[in-house]
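Asker: attaching a predicted model along with its sequence, questions to come.
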Amino acid sequence: MAKKLLIVGLVIVFIVVLSVLLLRIFEPYIRYEAGGGHLWACRSNLRNCGYAIKDYSEKNQGRLPLYSNWCDVFFDELFVSPKSFICPGAKNKSYSYALNKNVVGLDKIPDDIVILFDSKPGWNQVGGPELLAPENHGGKGCNILFGNFEVKFIEKEKFGELKWDIAVRMESAKKLLALGRAMVTYSGDYEVKFPDDMRALHKYGNLKKKYLEWLLENVVYLGKGRTDSTIRPNTVLAYDKSLLAKGEGTNVLFGDLRIDFLRPEQVEKLSIKPGQKTDVQLESAEKLRQLGSLLLLYGVYHEERYPDTLNEVQEYGVDEKDLQWFLQNVEYLGKGKTIVDPPFTPIAYDKSLLKKDKATNVLLNDCSVTFRTSEQLKNLGIK
């Protein structure tokens, strides 16, 4: 009797589990029949368009097929079915997607920028938020394809948070790239050293006067004291402080001359904070980066070992004034360590700043500088 009850119980459990699995598998179809399926079908349409864009980009050296006649291009060259341009929830089942006008002709789009979206009817629709059509989904919101090729349903109340215009970012990136190229050209004439001030770049890399004026007004330059031979790919050379002040992130010029747009949380990891650092903290960070370059150069010529004391970097062209600053303000932790140790190994920190502000700049083994409170220093093994 007990065995029969056990068997019956197992059968019931099996039926329940199977029912749950089947419900999950067929949920989209059930929702569709109940009147909500158009949301899923619409999302699938935009996802298919995203796959097509990504595939085209990979086969065409990063170029994106984003033109004002985008529907024609998607149909003729990307072989996207016309059915994929129709949201099932749209009135009269007409073509109902639009391309963000600000991405037309671009080859690189930030992850959070709108590419395609639910729109009012039309073939080859190009526009902005004025074309959003929440009525396609019962007035609740729209499906959006973003720059990272992900599709999300955005509620109507959050339309104001959508990002459409990247002109400012693109212009900033173009000028930072011009800065990077001018720095490299300059270093070729000055024993691979970068200039102490951006004004010295006015004759290099075809840097336009308007560009230089913009750079001087909007960019924090971190190239002073660095050389082309000691920087690493992830070394920060400059960033757009004006863009950062807007709170959404900023463009950063790295040592390999790439320009990345970083979100606020990513920027903070680089010890870049809008409106929070004093001039003393900024100068301290710059000095520590300069020290990092000198220590790296020392390691290259000494079997990857760091010097036992800071006095040993004198032979690598350090200015006497800078050396005195190092000796007076820096707590050096590099003795016994090597340039191939883990990148987040602390090599030095500003002890004067720590005493004054209960927080300080820390030089890490990858030559980056991070700003840490006295409490956070404990996580780095600094007491």
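Answerer: Alright, I've got the coordinates. Note that the coordinates shown come from a computational prediction; the quantities given were computed from them, not determined experimentally.
Asker: give me the buried positions along stretch 97-107.
Answerer: With burial defined by 16 or more other C-beta atoms under 10 Å, the residues of stretch 97-107 counted as buried are 97-100, 102-103, 106. In short, each C-beta sits where N, CA and C put it, glycine included.
Asker: need the contact list for the residue positioned nearest the centre of the chain.
Answerer: Residue closest to the mean C-alpha point of the chain, counted by C-alpha atoms, centre = their mean, is residue 262 at 3.3 Å. Going by C-beta atoms under 8 Å, 6 or more residues apart in numbering, residue 262 touches 249-252, 270.
Asker: do a quick rundown of the strands in this protein.
Answerer: Listed in chain order, the strands of the chain (DSSP state E) span residues 97-100, 114-118, 125-127, 141-146, 151-155, 219-221, 236-240, 250-254, 259-262, 330-332, 346-350, 359-364, 369-373.
Asker: about what we covered before: least confident pick among the buried residues of stretch 97-107?
Answerer: Of all these, residue 106 carries the smallest pLDDT score, 73.
Asker: so how far is residue 270 from the residue nearest to the centre of the chain?
Answerer: In this structure, residue 262 lies at 7 Å from residue 270, with C-beta to C-beta, to the nearest Å as the measure.
Asker: how about residue 138?
Answerer: Taking C-beta to C-beta as the criterion, residue 138 is separated from residue 270 by 44 Å.
Asker: and these two? Which one has more around it.
Answerer: residue 270 (17 against 12; other C-beta atoms under 10 Å).
Asker: tell me the contacts of the closest residue to residue 325 other than its chain neighbours?
Answerer: Nearest-residue entry for residue 325: residue 287, 5.9 Å, with adjacent residues in sequence omitted and distances by C-beta to C-beta, 6 or more residues apart in numbering. Contacts of residue 287 were listed using C-beta under 8 Å, 6+ apart, and they are 225, 322, 325-326, 329, 350.
Asker: closest to residue 161 among those?
Answerer: Residue 161 lies nearest to residue 350 out of those, by C-beta to C-beta, at 38.6 Å.
Asker: thought that closest one was touching residue 329?
Answerer: Yes - under the criterion of C-beta atoms under 8 Å, residue 350 lies in contact with residue 329, with a separation of 5.6 Å.
Asker: need the overlap of contacts for the two.
Answerer: Here residue 350 and residue 329 have 284, 287 as joint contacts, going by C-beta under 8 Å, 6+ apart.
Asker: between these two, which one's more packed in?
Answerer: Per other C-beta under 10 Å, whichever of residue 350 and residue 329 has more neighbours is residue 350, with 28 against 19.
Asker: now that one: how far from residue 280?
Answerer: Remark: distance between residue 350 and residue 280 (C-beta to C-beta) = 9 Å.
Asker: same check, this time on residue 293
Answerer: Using C-beta to C-beta, one obtains 21 Å as the distance from residue 293 to residue 280.
Asker: ok, residues contacting stretch 60-74?
Answerer: Taking contacts as C-beta under 8 Å, 6+ apart, the residues outside stretch 60-74 that touch it are 49, 52-53, 56-57, 77-78, 80, 84-85, 95, 99, 103-109, 115, 123-126.
Asker: okay, how far is it across it, tip to tip?
Answerer: Across stretch 60-74, the terminal residues are separated by 14 Å (C-alpha to C-alpha, to the nearest Å).
Asker: same thing with stretch 301-311?
Answerer: As for stretch 301-311, its first-to-last residue distance stands at 16 Å under the measure C-alpha to C-alpha.
Asker: quick one, what contacts the residue lying closest to residue 122 once chain neighbours are set aside?
Answerer: The spatially closest residue to residue 122, leaving aside those adjacent along the chain, is residue 95, at 6.2 Å (C-beta to C-beta, 6+ apart). If a contact means C-beta under 8 Å, 6+ apart, then residue 95 has 71, 82, 85-86, 121-123, 125 as its contacts.
Asker: any low-confidence regions in the stretch 51-200 of the chain?
Answerer: Across the stretch 51-200 of the chain, not a single residue meets the criterion (pLDDT under 70).
Asker: can you tell me how far the residue nearest to residue 122 sits from residue 123?
Answerer: Distance, residue 95 to residue 123, by C-beta to C-beta: 5 Å.
Asker: anything in contact with each of those two?
Answerer: With contacts defined as C-beta under 8 Å, 6+ apart, the residues shared by residue 95 and residue 123 are 71, 85.
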